[in-house]
Structure formats: structure tokens, C-alpha cells
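Colleague: Make a model of this:
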Amino acid sequence: MIRLTTLSTVMGLTGMVLAMLTALAGGAPEIVALGFGMMLLGFMGAVIGGFAALGRIWETTR
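Modeller: The predicted structure follows:
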């Protein structure tokens with residue numbers, strides 16, 4: 001699950017950088033939308049990975 005969280009974080013940060021640089025350069029709106037989509041998927045994966053880690057911690061404290 002740590003790999004999923006790391007991959008999601010990298011994908012989200014890459015999407016954010018792609019969206020920012022494309023918007024600043026006046027690029028195509030489709031590329032900006034792609035960057036925001038990557039950022040959203042990265043955020044969702046990181047949240048799911050965080051909940052999975054929280055579930056493992058919850059089981060170890062029992």
C-alpha cells in the first residue's frame with residue numbers, strides 16, 4: 001500500500017506541475033484538464049492509501 005500512496009502522490013504532483021506550466025504558457029485547455037485529472041486521481045489514491053494505512057494501524061492496536 002505504501003507503493004500505491006507513493007505512486008499516487010507522484011502522479012498528483014506531476015499533474016499539478018503539468019497543469020500550472022501549461023496554464024502559464026497559454027497552452028491547450030485539454031492539457032490543463034489532463035493535469036487537473038491527474039491531480040485528482042493522485043489525491044484520491046493518496047486518500048485511499050491513507051485510509052488503508054489507518055486500518056492497519058487500527059488492527060495492530062487491538
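
Colleague: quick one: low-confidence ranges for the protein?
Modeller: Scanning the chain for pLDDT under 70 picks out 1, 62.

Colleague: if we go to 90?
Modeller: For the chain, applying pLDDT under 90 flags the ranges 1-9, 11-12, 26-27, 35, 41-62.

Colleague: ok, longest helix in it?
Modeller: For the chain, the helix with the greatest residue count under DSSP state H is helix 29-61.

Colleague: Pull out the buried residues from that one.
Modeller: Neighbour counts using 16 or more other Cβ atoms under 10 Å place 32, 35, 38, 39, 42, 43, 45, 46, 49 of helix 29-61 among the buried residues. C-beta coordinates here come from the backbone N, C-alpha and C atoms, glycine included.

Colleague: Next, give me the two most distant ones among those.
Modeller: The span of these, defined through Cβ to Cβ, is set by 32 and 49 at 26.0 Å.

Colleague: give me every residue that touches the residue nearest the centre of the chain.
Modeller: Central residue of the chain (Cα atoms, centre = their mean): residue 42, 1.5 Å from the mean position. By Cβ atoms under 8 Å, 6 or more residues apart in numbering, residue 42 lies in contact with 8, 9, 10, 11, 12, 13, 14, 15.

Colleague: Going through the residues you listed, which ones are buried?
Modeller: 8, 11, 12, 15.

Colleague: what angle do the helix or strand containing the first one and helix 29-61 make?
Modeller: When secondary structure is defined using DSSP states H and E, the element that contains residue 8 is helix 2-25. Between helix 2-25 and helix 29-61, the angle formed by their directions is 150 degrees, by axes from the mean of the first three to the mean of the last three Cα atoms, to 10 degrees.

Colleague: just checking, what packs against helix 2-25?
Modeller: Counting contacts by 3 or more Cβ pairs under 8 Å, 6 or more residues apart in numbering; DSSP states H and E, helix 2-25 packs against helix 29-61.
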